[in-house]
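>>> Sequence and predicted structure below; questions after.
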Amino acid sequence: MGESVEEASVSELLRLAEMNLIWRVVLTMEMYNTLTGFDGKFSKEEAKSKKLSKYLMVMSLKKSQLESEKRALQFKLDLVVAMEADMKAKYEIELKVVNESLKQAQYQKRAVEASQKRAEKAQKLAKKGPSRLKLPLPQPTKTWRLWLLKKINS
């Protein structure tokens, strides 16, 4: 069931074409046998007769006609397969473009949501007034301590 619709239709066309070719050969042979009274068994005399040579000539003509029809069907099949591959590549490219634009839209949506959250936080803080958070004093570094000692000593 993993076949696509195009693959199923192509395989169905091939199957029908093969059946059509087989039935044409069978019907042609049966029609000739009915007309000539041939029962499917050749004797040496019949093999040399004109009827058999005529039959073989008709069959070779039919065979060449069927082979040319087979080549034409194969050409059509190759054309359908090439068109299918072309369409598949086209749709894959379109799918990539759509996926990329979807990613961009999602990224932009997240950026807008984040900026809205920041704006809401800023509004809440503005309503509360100035912050009275006590930040820890910076710890003096070694260089700062040395500078302070020099100032004190001088």
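Looks like it came in fine. Numbering: from 1, shown residues only.

>>> which helices and strands sit right next to the longest helix seen in the chain?
Longest helix in the chain by number of residues, with DSSP state H as the criterion: helix 50-128. When contacts are defined as 3 or more C-beta pairs under 8 Å, 6 or more residues apart in numbering; DSSP states H and E, helix 50-128 sits against helix 5-36. For every residue, glycine as well, the C-beta is placed using N, CA and C.

>>> Can you name the next helix or strand after the longest helix of the chain?
Going down the chain from helix 50-128, the next helix or strand is helix 142-153, by DSSP states H and E.

>>> I'd like the distance between Gln74 and Ala17.
9 Å (C-beta to C-beta, to the nearest Å).

>>> Neighbour count for the two, which is higher?
Neighbours per residue (other C-beta atoms under 10 Å) separate Gln74 from Ala17, with Ala17 holding more: 17 against 12.

>>> Pull the contacting residues for that one.
Counting by C-beta atoms under 8 Å, 6 or more residues apart in numbering, Ala17 makes contact with 70, 73.
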